[in-house]
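> Pasting the sequence and the predicted model now:
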Amino acid sequence: MSFYITWTIALLLLVFFHTLSTILWRKLNKKTFFSKTVIITGATSGIGEQLAYQYAKQNSNLLLSGRRIDRLKQVARHCKSLGANQSNYLIGDLSQNSDNKSLIDTAISLYGGIDLLILNAGVNTRHRIEDIPFPPTQEIEDMININLWSCVNLTTLSLPYLRERKGSVALISSDVALEPVAKRSLYAATKRGVQAFLKC
């Protein structure tokens, strides 16, 4: 009788420790960004939205940026339900220098630092080269400001904080930066420009 009790206890202990080690392994491998601060621009839809959900599952501190407040609220709430340690958002127009600075200032105010800056926001216009107006329209200026200058501004503003935490900048670009197509020469130029900037 004692033989069966001993083996039963041993089996239960084995199952217990196997389960515990599995849980710990999963946590260690999934919590790479546990409580790390992640800024994501263009987080209201598409790649930005999906990236927000993935980092939420890793219990990150999120700061989401976009121009549509209704969508930002929805994404931020869903991130919280997925496990984000904190999930905040900031409405902003990245074509404006002041909104670039506000995004970084807000991250520091909320979380005290930055671990990952994801530059995802982007807009596109379509023009044949001969149809590009002079002076540029506001639409074109906004595209250049968002696709290029906001990436430059956000990177330079966040750099001291990224260095403190050995953080990173991630750029979501486009294949047209390498292989431009008709009517997208300006868009391709902005994407190629920011790629060159971040490689220096």
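Arrived safely, thanks for sending. Only a predicted model underlies this, so the values are computations on that prediction, with no experimental measurement involved.

> what number of residues lie near Gln195?
Using other C-beta atoms under 10 Å, Gln195 has 15 neighbouring residues. C-beta coordinates here come from the backbone N, C-alpha and C atoms, glycine included.

> give me phi/psi at it?
Here is the backbone geometry of Gln195 (degrees, to the nearest 10): phi -60, psi -50.

> Ok, Leu148 next?
Main-chain torsions, Leu148, degrees, to the nearest 10: phi -110, psi -60.

> which non-adjacent residue is nearest it?
Closest residue in space to Leu148, ignoring its immediate chain neighbours: Thr190 at 4.5 Å, by C-beta to C-beta, 6 or more residues apart in numbering.

> Determine which residue lies closest to the centroid of this protein.
Ile40 (3.1 Å; C-alpha atoms, centre = their mean).

> Pretty sure that one sits against Asn120.
Yes: with contact defined as C-beta atoms under 8 Å, Ile40 reaches Asn120; the gap is 6.0 Å.

> Quick check: neighbours shared by those two?
Any residue near both Ile40 and Asn120 by C-beta atoms under 8 Å, 6 or more residues apart in numbering counts here, and that gives Gly48, Leu51.

> and the residue nearest to Leu148, helix, strand or coil?
Following DSSP: H, G, I helix; E, B strand; the rest coil, the label given to Thr190 is helix.

> What is the neighbour count of it?
Thr190: 25 surrounding residues under other C-beta under 10 Å.

> Identify the residues contacting it.
Neighbour list for Thr190: Met143, Ile144, Asn147, Leu148 [criterion: C-beta under 8 Å, 6+ apart].

> Tell me the one of those nearest Thr44?
Set against Thr44, the nearest of those by C-beta to C-beta is Asn147 (16.5 Å).

> Next step: the contacts of Thr190 restricted to helices.
Counting by DSSP state H, the contacts of Thr190 place Met143, Ile144 in helices.

> most surrounded residue in the contacts of Thr190?
When neighbours are counted by other C-beta under 10 Å, Asn147 leads the contacts of Thr190 with 27 neighbours.
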